[in-house]
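**Q** model this:
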Amino acid sequence: MGAKGIPIVSKNAPAVPDRFLGHAFCAGDILLELDSDNCILNADGAVSEIGLSAAKAAGTPVATLLSDQQMPTFDGAQSALEYTIRSGPVRLELGLDGGPRRAYAVFFGRLPHAPDRTFLLLADPARFTAVGSAPKVSTAPTDEQTTIFIDRVTGLIEEGTSSDVKRLVTVLETDQDSEAAPDAFDSLQQRLSAISVGGDSVARLGDNKFALVHEQSGSGHSTEELIVGLTQATGLELQAATLNTDSSEISQADSLKAVAYCIQKFAEDAEGFDIESMGDNFSGLIQDTAGKVQQFRSILERGAFSLVFQPIVELRSGHVHHVEALARFEKTSGMSDPFETITFAERVGLIEEFDLAVLQRAVDKLKPALKAEHPPRIAINVSGRSLSSPSFIENFTRTLGQHRNLRDLLMLEITESAEIEDPEAVSDTVDAIRALGFKIYLDDFGAGASGFRYLRVLAVDGVKIDGAYIRTALDNGRTRAFLRSMVMLCQDLGINTVGEWIETAQQAELLDSLGVTYGQGYYFGKPSVGLISSTAGDSASGAKALAKAVNQ
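**A** From the prediction side, this is the model:
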């Protein structure tokens, strides 16, 4: 018996120094050593839990401890050792035939001087909350999956720089149909999970697209060899590219932002970001993307953007209620398209700095207007991604707290709500901002199924209904039914609604009849540099005529 009654079952095995056993058992419960035929050579730890004893352990085929359904997972994790120094954890249930099987998180490894032996470390899966069965391939890829993976990439690679083991990012694609070969895709998913760092650093980016973070093998196997092995194991014809994050010409931080952006564009099937381009010209893509990162940083440093304002009108009275601040970028910045520029900032993790800059610009606009008889009200956009960042929340709420005298004039619209990974956590931030007296709206409500979940979790003051509903509402009874239901829900919750993309009087009248509170669109006015007083006239046109710039 070993320490504390734990059996050391191989009687004839050479003595193992306590420090090595201690190293293993700090994380695990059982350590198995397998020979080239996958039979047990040595077993240490609480092996009685899987039905073994001193008399049965040595020579026992590991296959007798696993069900037929579990063997592909085992094979995938073990074969991954050809391309990485360790693999797992994967979830396996082990126990002798006829007896109970117990679930473990299993890590696989080989020693450089003993490539014919495999070591398995079995641990209670409760210690590794991320460990679970590999996701089923039939599960459709989601934007949320992609976002979570991309957010993790930077941290995973940065962690790797502190050790001697280099971490790589590889993207894969196949032309084959997952519905025609579900077992092959399931096997691929299991093997990619096993290869990935921690067993869960893999994502399905599209129907036939995958990406993973893995460690470079000690033997330096190439991506081509990895693909050959995966093709032989799964029968799928695969293409892959390993993304080199090393660059002597740009900082590591910018390089990692560029890698994350390239993965996103690959997931979107963007032109120039296919597998062939990623493999043959990834260095060029990184340089181009990093150049855009530096351009955007320059915009922030120079303040090379302005705000224009589009009126949002109370539909029942025709009065301008407030204006939405929209960013415009100097043509000389090289990033003049507002939508593309802001989307780029979202993708590369610079949107937090931009959101803070917009807040400060809006505050500077409103402060001199405080003494006006009818000061304007401004709504600024805040990215859902920003609201998931603790450092942003601290800076943002501190600025709002310093300007509570603007609480009746400054409102916030949460955009890109799909970027919110943890709505429950963001709910606390929303509550804190509203406690300061600032109103919060949720943008693009109805654009995705998650919108209703956010509305349930986030206590907002209103929602902006996705313009796609407004555009077709006059001619489509089904769309009108959805609109009516959304408005009734918001009325029951006691929150306001804004209809956007209004271009005709008929659309405005329809929304008013459905109970929508406010309207926005070219019918009421295009974005302009002038701030409009919230009570500037009896109609939208009158308000526009009386528009004047404040602190231009």
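
**Q** would you map out the domains in the chain?
**A** As assigned by automatic domain parsing, the chain contains the domains 3-127, 143-292, 303-545.

**Q** can I get those in CSV with mean neighbour count and mean pLDDT?
**A** C-beta here means a position set from N, CA and C on the backbone, and glycine is covered the same way. Converted to CSV, the domains of the chain look like this (neighbours: other C-beta atoms under 10 Å; pLDDT from 0 to 100):
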stretch, mean neighbour count, mean pLDDT
domain 3-127, 17, 80
domain 143-292, 18, 82
domain 303-545, 18, 90
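
**Q** OK, contacts around the nearest residue in space to Arg297 that is not next to it in sequence?
**A** Using C-beta to C-beta, 6 or more residues apart in numbering and skipping residues adjacent in sequence, the residue nearest Arg297 is Leu350, 7.1 Å away. Neighbouring residues of Leu350 by C-beta atoms under 8 Å, 6 or more residues apart in numbering: 257, 293, 296-297, 300.

**Q** out of those residues, which comes closest to Pro115?
**A** Lowest distance from Pro115 to those (C-beta to C-beta) belongs to Lys257, with 37.9 Å.

**Q** how near is Pro527 to Val426?
**A** 28 Å (C-beta to C-beta, to the nearest Å).

**Q** and what of Asn42?
**A** Asn42 is 50 Å from Val426, by C-beta to C-beta.

**Q** repeat that for Gln310.
**A** Distance, Gln310 to Val426, by C-beta to C-beta: 26 Å.

**Q** kindly report the same for Glu314.
**A** Plainly put, Glu314 is 29 Å away from Val426 if you go by C-beta to C-beta.

**Q** distance of Leu236 relative to Asp177?
**A** Look at Leu236 and Asp177: by C-beta to C-beta, they are 10 Å apart.

**Q** residue nearest the centroid of the chain?
**A** Thr147 (2.0 Å; C-alpha atoms, centre = their mean).

**Q** so what does the helix or strand that residue falls within touch, helix or strand wise?
**A** Take DSSP states H and E as the rule and Thr147 turns out to sit in helix 143-160. Contacts defined by 3 or more C-beta pairs under 8 Å, 6 or more residues apart in numbering; DSSP states H and E place helix 143-160 against strand 167-174, strand 202-206, strand 209-215, helix 252-267.

**Q** which residues does the shortest one contact?
**A** Yep, that's strand 202-206 we're talking about. Here strand 202-206 makes contact (C-beta under 8 Å, 6+ apart) with 135, 137, 139, 141, 145-146, 148-149, 171, 189, 192-193, 195-196, 210-213, 263, 266-267, 269.

**Q** same deal with the third one?
**A** The set of residues external to strand 209-215 that reach it, using C-beta under 8 Å, 6+ apart, is 83-86, 141, 149, 152-153, 156-157, 160, 165-173, 188-189, 192, 195-197, 201-205, 263, 266-267.

**Q** and the next helix or strand past the helix or strand in which Ser485 is found?
**A** Under DSSP H and E, the secondary-structure element containing Ser485 is helix 477-493. Per DSSP H and E, the first helix or strand lying C-terminal to helix 477-493 is strand 496-499.

**Q** tell me the strands beside that following strand, with direction?
**A** Note on strand 496-499: by DSSP bridges, its sheet partners are strand 462-465 (parallel), strand 518-520 (parallel).

**Q** now distance to Ser391 too, for the ones you listed, in TSV please.
**A** Listed next are the strands paired with strand 496-499 as TSV, based on distance: least, C-beta to C-beta, whole Å:
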stretch	distance to Ser391
strand 462-465	27
strand 518-520	32
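
**Q** now the strands for the stretch 351-500 of the chain?
**A** 378-383, 410-415, 439-445, 462-465, 496-499 (DSSP state E, counting those that start in this stretch).

**Q** so which of those strands comes closest to Phe392?
**A** strand 378-383 (9.0 Å).

**Q** what angle do that closest one and strand 410-415 make?
**A** Between strand 378-383 and strand 410-415, the angle formed by their directions is 30 degrees, by axes from the mean of the first three to the mean of the last three C-alpha atoms, to 10 degrees.

**Q** what is strand 378-383 packed up against?
**A** Against strand 378-383 (3+ C-beta pairs under 8 Å, 6+ apart) you get strand 320-329, helix 351-366, strand 410-415.

**Q** pull the CA atoms of whichever helix in the chain runs longest into PDB?
**A** Counting residues, the longest helix found in the chain (DSSP state H) is helix 282-302. Below are the C-alpha coordinates for helix 282-302, written out as PDB (Å, rounded to 0.1, in the frame of the first residue of the first chain):
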ATOM      1  CA  PHE A 282      -0.600  34.800 -43.500                       C
ATOM      2  CA  SER A 283       2.400  37.000 -42.800                       C
ATOM      3  CA  GLY A 284       1.000  39.600 -45.200                       C
ATOM      4  CA  LEU A 285      -2.400  39.400 -43.700                       C
ATOM      5  CA  ILE A 286      -0.900  39.900 -40.300                       C
ATOM      6  CA  GLN A 287       1.100  42.900 -41.500                       C
ATOM      7  CA  ASP A 288      -2.000  44.500 -43.200                       C
ATOM      8  CA  THR A 289      -4.200  43.900 -40.100                       C
ATOM      9  CA  ALA A 290      -1.600  45.200 -37.700                       C
ATOM     10  CA  GLY A 291      -1.200  48.300 -39.900                       C
ATOM     11  CA  LYS A 292      -5.000  48.900 -39.500                       C
ATOM     12  CA  VAL A 293      -4.600  48.400 -35.700                       C
ATOM     13  CA  GLN A 294      -2.000  51.100 -35.700                       C
ATOM     14  CA  GLN A 295      -4.100  53.400 -37.900                       C
ATOM     15  CA  PHE A 296      -7.000  53.100 -35.500                       C
ATOM     16  CA  ARG A 297      -4.700  53.800 -32.500                       C
ATOM     17  CA  SER A 298      -3.600  56.900 -34.300                       C
ATOM     18  CA  ILE A 299      -7.300  58.000 -34.800                       C
ATOM     19  CA  LEU A 300      -7.800  57.700 -31.000                       C
ATOM     20  CA  GLU A 301      -4.600  59.500 -30.200                       C
ATOM     21  CA  ARG A 302      -5.300  62.400 -32.500                       C
END
